[in-house]
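Chemist: can you look at this prediction? I've put the sequence above it.
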Amino acid sequence: MTSLLRNCMFQGKCYFRDRSQVFWTMLFPILLAVFFNLAFSDISSSSIGEINIGASKGNPIHYMLSNNEVFRLLEIEEDEYVKMLENETIHVYVDENLDLYLSQSGIRQSIVKEVVEEIKQTLVLGSPIGGSELEVDYIKKERQESDPYIVMFYALIAMVTSYGLFIGIEVVSKIQANLSNVGIRLNATPLKKETFLIAGTLVALCSNLISNGVLIIFLQYILKKDLLTNIGHSLILIFFGNLFGVSLGIFIGASNKKDSGVKVSIGTATSLFLSFLSGLMGPWMKNTIDTKASIIGRINPISIITNNLYRINLLQSTKKLGEGIIILSIYTLILLFASYMFIRRKSYDSI
């Protein structure tokens, strides 16, 4: 136990003294979050607002839309609508024949056009319109914040859970005599590589959990992104995501004889590719995967974390959480077992 604690302290000091390691695991995700916020804050916060409709006195549109909260009906003279459209006092003018006049196209104008077309079709069918038809709720509604770009922030958190791979690669490099001076010394002493590896795994896991915590706190209190409404289930998922990330790094470090730089490049490319498929670069990719190749989203570990964070915190559903944790656990066990098989077979003719 003493040896394990001593190894944890040694490797923990090595991690926090490595400035490049600290930058990429802690500061780089924060910079990405800032860029995402600057790029998409205006898009995600945009709203339609109130729609101003102009109509002359006695126009039936007043009666038809009078109880709808989205539309603001203005009673104007017929010769005034051109000027009011140009000044954007009104978005659309509707005459007594329910024909539309507008000075520009946009979301508001499209909404009014669709509603008026619906009214015209109803009148053609001979059904009376009393205004209540536009207020009927045919679907049960529940309040839910909808923002497609929020997926990118969940994908960012998911990507950071995999960043334990960088420390995992470094841990394995330290026990390989052909890759580091520490490895030469370790293999020339009676110290057990297993103890050193376990200590490195614990340090990698704890360090990356700290990185996740820093990012989440920054998103919550600096960028004001209320992403984690279900803290308990979210933290469980993030924990298993970190386990997967560390085990992936250990596997990459143990499975080949390349130097640390090449292994880090492999880990970076793997993490970025999986994050790209989960929606880190834009919600369009996640939508494409979900519709065209949903199996990829179900087996991609980063997508599993992203999708479950979205479901848990926005949809208030934990239905798929257990399945996601089981898949991540299976990945972790397979990677650790394969890594152990690679490490135990390594031997050196001379040190």
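Modeler: Received the coordinates, thanks. Numbers count the residues shown, from 1 in each chain.
Chemist: which residues sit against the helix or strand hosting residue 296?
Modeler: Assigned by DSSP states H and E, residue 296 falls within helix 294-299. Helix 294-299 is contacted from outside by 277-278, 286, 289-290, 303-304, 307, 327, using C-beta atoms under 8 Å, 6 or more residues apart in numbering. No exception for glycine: its C-beta is placed from N, CA and C like everyone else's.
Chemist: buried subset of these as a ChimeraX selection?
Modeler: Only the buried entries of the contacts of helix 294-299 go into this ChimeraX selection, using 16 or more other C-beta atoms under 10 Å:
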select :277,278,286,289,303,304,307,327
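Chemist: what's the most distant pair in the contacts of helix 294-299?
Modeler: Largest separation among the contacts of helix 294-299 by C-beta to C-beta: 286 and 327, giving 17.7 Å.
Chemist: correct me, but residue 196 touches residue 174?
Modeler: Yes: in this structure, residue 196 is within contact of residue 174 by C-beta atoms under 8 Å, at 7.2 Å.
Chemist: so where's the stretch 101-250 of the chain shaky on pLDDT?
Modeler: Counting by pLDDT under 70, the low-confidence segments of the stretch 101-250 of the chain come to 105-107, 126-148, 177-193.
Chemist: let's go with 90 and repeat that
Modeler: Where the stretch 101-250 of the chain drops to pLDDT under 90, the residues are 101-152, 167-201, 203-204, 223-227, 229.
Chemist: now the helix holding residue 296 - C-alpha only, CSV.
Modeler: Output of helix 294-299 as CSV, limited to C-alpha atoms (Å, rounded to 0.1, in the frame of the first residue of the first chain):
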residue,chain,number,x,y,z
SER,A,294,-27.5,4.9,-36.1
ILE,A,295,-25.4,1.8,-35.2
ILE,A,296,-22.3,4.1,-35.2
GLY,A,297,-23.9,6.3,-32.6
ARG,A,298,-24.7,3.2,-30.5
ILE,A,299,-21.2,1.8,-30.4
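Chemist: give me the domain ranges for the protein.
Modeler: 2-43+145-344, 51-135 (automatic domain parsing).
Chemist: straight-line length of the longest one, end to end?
Modeler: Its first and final residues considered, domain 2-43+145-344 spans 24 Å by C-alpha to C-alpha, to the nearest Å.
Chemist: how much distance is there from it to the middle of the chain?
Modeler: 14 Å (C-alpha atoms, centre = their mean, to the nearest Å).
Chemist: for residue 72, what are phi and psi?
Modeler: phi -110, psi 110 (degrees, to the nearest 10).
Chemist: ok, how many other residues are close to it?
Modeler: Residue 72 sits with 15 neighbouring residues when counted by other C-beta atoms under 10 Å.
Chemist: repeat that for residue 158.
Modeler: Neighbour tally, residue 158, other C-beta under 10 Å: 31.
Chemist: before we move on, what about the one 3 residues further on?
Modeler: Applying the criterion other C-beta under 10 Å, we find 30 residues in the vicinity of residue 161.
Chemist: let me see the ranges of the strands in the stretch 1-150 of the chain.
Modeler: 51-55, 71-75, 92-94, 100-101 (DSSP state E, counting those that start in this stretch).
Chemist: any chance of the contacts of helix 294-299 in TSV, plus distance to residue 16, pLDDT and secondary structure?
Modeler: Below are those laid out as TSV (distance: C-beta to C-beta, whole Å; pLDDT from 0 to 100; DSSP: H, G, I helix; E, B strand; the rest coil):
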residue	distance to residue 16	pLDDT	secondary structure
277	32	89	helix
278	29	88	coil
286	35	76	helix
289	37	82	helix
290	39	77	helix
303	31	93	helix
304	30	94	helix
307	33	90	helix
327	32	96	helix
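Chemist: center of this structure - which residue?
Modeler: Closest to where the C-alpha atoms of the chain average out (C-alpha atoms, centre = their mean) is residue 154, at 2.3 Å.
Chemist: any idea which helix or strand carries the closest residue to it other than its chain neighbours?
Modeler: The spatially closest residue to residue 154, leaving aside those adjacent along the chain, is residue 309, at 4.4 Å (C-beta to C-beta, 6 or more residues apart in numbering). Assessed by DSSP H and E, residue 309 sits inside helix 301-313.
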